[in-house]
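> Compute the structure for the input listed below.
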Amino acid sequence: MNATNFDTFALLLLLLMGVILPLVGIWDFHRLLRWVEEGRTDARTKTYKWIFVMEWGLVLIVGGWWLWAGRGLAPLGLVPTAAGWQWLAIGLGIAATGFVIWQMFSVMGNSEELDKARQQMGSLSGLAPQTDHEGRLFVLVSITAGVCEEIMYRGVLMAALTPLVGLWPAVALSSAIFGLGHAYQGLAGIGKTALIGVVMALLTVFSGSLFVAIVLHAVVDITSGRIMAAALRESPAPSPPAVPAAG
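This is a model prediction of the structure:
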């Protein structure tokens, strides 16, 4: 692939992931909230299915273009490697995954922590699974996000940016764009997600592949969904209306 074509690919990728996808995410989230407000029982299932189709579709289209141009799987981190210090990064990723799972059980077993989680959810509560069927779909969406978003942000985007700006600027820029991809969560959500993006990017760089980040990302999303669902189930019942005293 010559430089001109590569620059065109990178430019279109930046437009897609830095502008179009954040706007689509905001639109989709507000549509979900509108459906929930209207009382639609299929609001979350339709949203989960849309996310599933959209993310896998993007990976097939963008990843297919990448492979058609002869770039190969290795630059995307999809060829497993593990040698020397890479094992340290893999071990840290496994430890982080275990900590996230432990944290989930710790929060779910503590009513005070669930109350804090419920208070922090805000409008994101509309995305939380509330039935067993929604819970199963949410797990599939979480795995989809782990695989597809890591391929797109830490795989294709970082691989496209690194020859243009260098490795560490690519880590920073791809993480910022990952944060923008979650703009529907507000400014705080963008900042938090960008920091998570930095962690995932560092795990990818130092482990030599995407696989640790994929597993950790999926587990973070699955456990977040379970915590949100548990917090909503533990929501205190509204107080009965006061009965006026006879007199």
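
> For the protein, give me the ranges with low pLDDT.
1-6, 235-247 (pLDDT under 70).

> Please give me every residue in contact with the residue positioned nearest the centre of the chain.
Compute the mean C-alpha point of the chain, and by CA atoms, centre = their mean the closest residue is Ala145, 5.3 Å away. By CB atoms under 8 Å, 6 or more residues apart in numbering, the contact list for Ala145 reads Ile51, Glu55, His217, Ala218, Asp221. All C-beta spots, glycine's among them, are computed from the backbone N, C-alpha and C.

> same thing with Met152?
Met17, Glu55, Leu58, Val59, Val62.

> of those, closest to Thr97?
Nearest to Thr97 out of these is Glu55 (CB to CB; 20.9 Å).

> mind checking which helix or strand that closest one is in?
Using DSSP states H and E, Glu55 falls within helix 43-68.

> distance between that helix and the chain's centre?
13 Å (CA atoms, centre = their mean, to the nearest Å).

> Who are the packing partners of it?
Here helix 43-68 touches helix 3-15, helix 21-37, helix 132-149, going by 3 or more CB pairs under 8 Å, 6 or more residues apart in numbering; DSSP states H and E.

> okay, the angle between the last one and helix 43-68?
Note on geometry: by axes from the mean of the first three to the mean of the last three CA atoms, to 10 degrees, helix 132-149 and helix 43-68 are set 20 degrees apart in direction.

> Run a quick neighbour tally on Arg154.
Per other CB atoms under 10 Å, the neighbour tally for Arg154 reads 29.

> Also Tyr184?
The burial count for Tyr184: 21, using other CB under 10 Å.

> Identify each buried residue in the helix or strand where Met158 lies, please.
Counting by DSSP H and E, the element that carries Met158 is helix 158-165. When burial is assessed from 16 or more other CB atoms under 10 Å, helix 158-165 yields the following buried residues: Met158, Ala159, Ala160, Leu161, Thr162.

> From Leu15, how far out is the second one?
It stands for Ala159. As judged by CB to CB, to the nearest Å, Ala159 and Leu15 stand 17 Å apart.

> neighbouring contacts of stretch 34-43?
Everything outside stretch 34-43 that qualifies as a contact, by CB under 8 Å, 6+ apart, is Leu32, Arg44, Lys46, Thr47, Gly126.

> Next, give me the two most distant ones among these.
Every pair of the contacts of stretch 34-43 checked by CB to CB; the farthest is Lys46 and Gly126, at 12.7 Å.
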